[in-house]
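Trainee: I would like to see how this sequence folds:
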Amino acid sequence: MNERWYLQTKRADFNEIGKKFHISPIVARIIRNRDIEGDEAIQNFLYPDISSLSSPWLFKDMDKAVDLINIKINSQQKIRIICDYDVDGICSGYMLLRAFRKMGAIVDLVVPHRIDDGYGINERLIQKAFEDGIDTIVTCDNGIAALKPVEEAKKLGMTVIITDHHEVPFEELQGEIHYILPPADAIINHKQADCDYPFKELCGAMVAYQLIRGIYENRGESPEAVKELLPYGAIATVCDVMDLTGENRAIVKYGIMKLNKIKDMGIQALIRACKLQTATISPYHLGFVIGPCLNASGRLDTARKAIELLDATDLQKADALAEEIVQLNNERKEMTEHYRLEAVRQAEHCEDRVLVLYFPECHESIAGIIAGKVREAFNKPTFILTDGEKGVKGSGRSIEEYNMYEKLTEVKDLLTKFGGHKMAAGVSLEKENVEIFRKKLNENCNLSEDDLYLKVWIDMQLPFEYVTIPLVEELKCLEPFGKGNSKPVFAEKDLQVVHLKIRGAKGNVISLFLEDAGHNRMEAVLFQRTDQFLAFLKERFGQEEIEKAMTGRKNKIRFMATFYPTINEFQGVRKLQLVLDRFC
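Mentor: Below is the predicted model:
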């Protein structure tokens with residue numbers, strides 16, 4: 001993958017900002033690099049407050065949905081929640097189930113089976129609800145594209161309330177966009193053109209949260225009652241890769257704070273099974289440890305297990321479910337790595353700007369994960385397709401320069417089903433259309449060569465003398481890091497290798513002792529791309545220089561790197577350490 005490195009050059013009076021907000025000029029510069037300007041915006045960024053969450057009543061149809069649900073609860077009508085099988089769906093479904101039960105509703109929850117049902121509600125689930133005597137269906141993290149299933153539900157006399165955060169389906173006729181909405185009784189989705197909710201990047205679980213909040217307010221519940229659910233909103237926000245800006249920043253920061261003190265038996269059991277400790281959980285743990293475990297239940301078995309875990313009130317059962325879900329995730333990892341290697345091999349020999357890779361035997365549940373890893377490796381929009389129960393199914397992951405959902409609408413005649421948003425999508429199509437699908441996406445592709453370069457934005461050059469423990473501690477005020485609020489990227493050039501050591505059972509860690517141009521020395525570690533780093537050193541300087549570095553002898557190795565400073569604590573001793581990322 002080709003890269004281009006850019007140094008941020010946005011200007012401001014960093015010393016003045018630092019004095020006003022009691023932060024260093026370094027942190028002030030990073031905040032400006034995130035396009036945060038003005039006292040109010042800086043204040044909100046540094047001190048995100050969950051009370052700043054917009055009113056639920058700004059959602060279109062919120063009043064309708066709240067009135068309908070109150071009527072159904074009070075008249076003891078049967079309510080069925082239908083969620084998605086990913087983390088966002090699992091969390092939103094559990095939140096609604098827990099809240100509705102607390103209000104005395106007759107309620108149950110159905111999680112569509114990934115293979116048997118596919119994404120979202122369908123006619124079979126509608127018919128089953130009718131046979132079960134269900135009066136009202138409430139969707140979460142799905143439903144906005146379910147035109148025919150909702151039509152069927154209405155024909156059968158059922159009430160339908162949709163809560164979703166996905167893009168509203170549309171068609172373009174004579175240059176005008178016409179949105180296609182299902183005939184639900186209420187649709188809570190901030191992506192609707194005429195919805196006044198100001199923050200458009202909420203995940204499905206937080207849309208469900210706002211519905212619960214509206215019902216609680218209407219029923220006179222304590223404002224603190226709904227906040228008990230925020231840990232699940234934080235998990236969903238991180239795992240659905242939402243921008244950690246605006247309201248999402250406050251949701252994740254507050255949600256993690258609540259999660260680190262949580263008493264809920266199910267999530268506590270999962271934290272133990274993952275060998276984590278409360279009080280130390282970070283966005284990283286949500287996105288790369290807890291979230292994948294919850295996801296694994298819906299990928300290789302049924303997401304119902306994850307719901308049962310979150311809903312558990314028996315300690316022994318909770319621990320057993322947590323261990324089972326962790327084991328499923330380990331199996332998922334093995335399957336993913338096998339197909340990741342094969343996908344990367346195929347992509348290396350493909351000149352397409354939009355990658356469409358077809359693996360008939362691959363488990364459809366891991367297609368999205370593999371697509372994401374290939375996208376990261378090549379910085380190209382990527383679809384991974386596999387054989388489903390009926391036809392071919394797949395998932396896509398995109399880059400910022402390519403709106404995946406819009407491009408799919410251009411080839412929708414080739415698809416039996418599709419949905420998603422700018423950065424990710426799911427598709428279904430007939431096998432004979434796979435090659436046509438690939439060709440059409442590339443024919444319609446407007447990506448330039450420059451778009452396919454990975455753009456590495458460096459916050460600032462940082463000589464080692466400025467890397468201190470107080471700076472590392474101060475950088476925590478910028479958390480949570482994630483999409484939309486990336487971890488700061490520092491860089492330094494002319495780094496001399498004083499010593500190099502290969503570590504780890506698989507040789508996948510490199511420890512370095514580096515010296516900068518000012519003769520300041522610092523320990524560093526590289527956890528990723530170790531093979532590429534050694535190949536880079538060999539090509540640039542030769543094996544003999546590497547061997548000198550490995551034995552601590554004077555050598556000619558000099559390179560530039562991006563890094564993030566951390567504190568490595570071992571046996572009570574705290575030492576500064578750089579975590580290297582990229583190099584040239």
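
Trainee: use CA for all of it now, contacts and neighbours both
Mentor: Fine.

Trainee: Pull out the buried residues from the lengthiest helix in the chain.
Mentor: In the chain, taking DSSP state H as the definition, the longest helix is helix 315-348. Under the neighbour-count criterion of 16 or more other C-alpha atoms under 10 Å, helix 315-348 has 317-319, 321-329, 332, 336, 339-340, 343-344, 347 buried.

Trainee: now swap in stretch 519-529 and tell me
Mentor: Buried-residue list, stretch 519-529, by 16+ other C-alpha under 10 Å: 521-526.

Trainee: now swap in stretch 496-510 and tell me
Mentor: Those would be 496-502, 509-510, for stretch 496-510 by 16+ other C-alpha under 10 Å.

Trainee: Among the residues you listed, which are located in strands?
Mentor: Within the buried residues of stretch 496-510, membership in strands is found for 496-502, 509-510, as judged by DSSP state E.

Trainee: Sketch out the low-pLDDT regions of the stretch 51-200 of the chain for me.
Mentor: 115, 118 (pLDDT under 70).

Trainee: Could you pull out the strands in it for me?
Mentor: For the stretch 51-200 of the chain, strands defined by DSSP state E, counting those that start in this stretch occupy the ranges 78-82, 106-110, 136-140, 159-163, 170-173, 176-179, 186-188.

Trainee: As PDB, could you dump the C-alpha coordinates of the third one?
Mentor: Written as PDB, here are the backbone C-alpha positions of strand 136-140 (Å, rounded to 0.1, in the frame of the first residue of the first chain):
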ATOM      1  CA  THR A 136     -46.800  -4.400  18.300                       C
ATOM      2  CA  ILE A 137     -43.400  -4.800  16.700                       C
ATOM      3  CA  VAL A 138     -40.500  -2.500  17.800                       C
ATOM      4  CA  THR A 139     -37.400  -2.800  15.600                       C
ATOM      5  CA  CYS A 140     -33.900  -1.600  16.700                       C
END
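
Trainee: And the contacts of it?
Mentor: 72, 77-84, 89, 92-93, 121, 158-164, 204-205, 208 (C-alpha atoms under 8 Å, 6 or more residues apart in numbering).

Trainee: Mind giving me the packing neighbours of whichever helix or strand comes after the longest helix of the chain?
Mentor: Downstream of helix 315-348, the next assigned helix or strand under DSSP states H and E is strand 355-358. Packing partners of strand 355-358 (3 or more C-alpha pairs under 8 Å, 6 or more residues apart in numbering; DSSP states H and E): helix 315-348, strand 382-387.

Trainee: And the contacts of stretch 95-107?
Mentor: With contact meaning C-alpha under 8 Å, 6+ apart, stretch 95-107 is reached by 72-74, 76-81, 108-109, 205, 208-209, 212, 229, 232.

Trainee: I'd like to know which of these are buried.
Mentor: 72-73, 77-81, 108-109, 205, 208-209, 212, 229, 232.

Trainee: Quick check: the farthest pair among those residues?
Mentor: Taking C-alpha to C-alpha as the measure, these span a maximum distance of 26.9 Å, between Gln77 and Tyr232.

Trainee: where along the stretch 101-250 of the chain do the helices fall?
Mentor: Using DSSP state H, counting those that start in this stretch, the helices found in the stretch 101-250 of the chain span residues 123-131, 147-155, 204-219, 223-227, 230-239, 246-259.

Trainee: residues of the last one that come out buried?
Mentor: By neighbour count on 16+ other C-alpha under 10 Å, the buried set for helix 246-259 is 246-259.

Trainee: Redo those as CSV? Include pLDDT and distance to Ile384.
Mentor: Shown next, in CSV, are the buried residues of helix 246-259 (pLDDT from 0 to 100; distance: C-alpha to C-alpha, whole Å):
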residue, pLDDT, distance to Ile384
Gly246, 93, 32
Glu247, 96, 32
Asn248, 97, 29
Arg249, 95, 31
Ala250, 96, 34
Ile251, 97, 32
Val252, 96, 30
Lys253, 94, 33
Tyr254, 95, 36
Gly255, 96, 33
Ile256, 95, 33
Met257, 93, 37
Lys258, 94, 37
Leu259, 94, 34
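
Trainee: Tell me the one of these nearest Ile281?
Mentor: Ile256 (7.0 Å).

Trainee: What residue, apart from its backbone neighbours, is nearest that closest one spatially?
Mentor: Spatial nearest neighbour of Ile256, chain neighbours left out: Pro231 (6.0 Å); criterion: C-alpha to C-alpha, 6 or more residues apart in numbering.

Trainee: Can you give me every residue that contacts Arg4?
Mentor: 453-456 are the contacts of Arg4 under C-alpha under 8 Å, 6+ apart.

Trainee: Which of these ranks first by neighbour count?
Mentor: Leu454 (18 neighbours; other C-alpha atoms under 10 Å).

Trainee: so how far is Glu401 from that one?
Mentor: 11 Å (C-alpha to C-alpha, to the nearest Å).

Trainee: Same check on Lys19?
Mentor: For Lys19 relative to Glu401 (C-alpha to C-alpha), the value is 37 Å.

Trainee: The longest helix of the chain vs strand 382-387, what angle?
Mentor: The directions of helix 315-348 and strand 382-387 differ by 110 degrees, with axes from the mean of the first three to the mean of the last three C-alpha atoms, to 10 degrees as the criterion.

Trainee: Give me the packing partners of helix 315-348, helices and strands only.
Mentor: Helix 315-348 packs on helix 265-273, helix 291-300, helix 304-310, strand 355-358, helix 367-378, going by 3+ C-alpha pairs under 8 Å, 6+ apart.

Trainee: Adding distance to Arg582 and mean pLDDT, write those out as JSON lines.
Mentor: Conversion of the helices and strands packed on helix 315-348 to JSON lines gives the following (distance: least, C-alpha to C-alpha, whole Å; pLDDT from 0 to 100):
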{"stretch": "helix 265-273", "distance to Arg582": "32", "mean pLDDT": "96"}
{"stretch": "helix 291-300", "distance to Arg582": "26", "mean pLDDT": "82"}
{"stretch": "helix 304-310", "distance to Arg582": "37", "mean pLDDT": "94"}
{"stretch": "strand 355-358", "distance to Arg582": "24", "mean pLDDT": "97"}
{"stretch": "helix 367-378", "distance to Arg582": "13", "mean pLDDT": "93"}
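
Trainee: Among the ones you listed, which comes closest to Lys64?
Mentor: Of those, nearest to Lys64 by C-alpha to C-alpha is helix 304-310, at 27.8 Å.

Trainee: between the helices of the stretch 101-250 of the chain, which one is nearest to Gly396?
Mentor: That would be helix 230-239 among the helices of the stretch 101-250 of the chain, by C-alpha to C-alpha, at 16.1 Å.

Trainee: Convert the closest one to CSV, retaining C-alpha atoms only.
Mentor: Presented in CSV, the C-alpha positions along helix 230-239 are these (Å, rounded to 0.1, in the frame of the first residue of the first chain):
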residue,chain,number,x,y,z
LEU,A,230,-25.4,4.0,28.9
PRO,A,231,-22.6,1.3,29.2
TYR,A,232,-24.4,-0.6,26.5
GLY,A,233,-24.8,2.5,24.4
ALA,A,234,-21.0,3.1,24.7
ILE,A,235,-20.2,-0.5,23.7
ALA,A,236,-22.5,-0.2,20.6
THR,A,237,-21.1,3.2,19.7
VAL,A,238,-17.5,2.0,19.7
CYS,A,239,-18.3,-1.3,18.0
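
Trainee: Just give the number of residues close to Lys261.
Mentor: Around Lys261 there are 12 residues (other C-alpha under 10 Å).

Trainee: Next: Met158.
Mentor: Counted with other C-alpha under 10 Å, Met158 comes out at 21.

Trainee: what angle sits between the one helix or strand Val434 maps to and strand 382-387?
Mentor: For Val434, the host element (DSSP H and E) is helix 434-443. Counting by the same axes, to 10 degrees, helix 434-443 lies at 170 degrees to strand 382-387.
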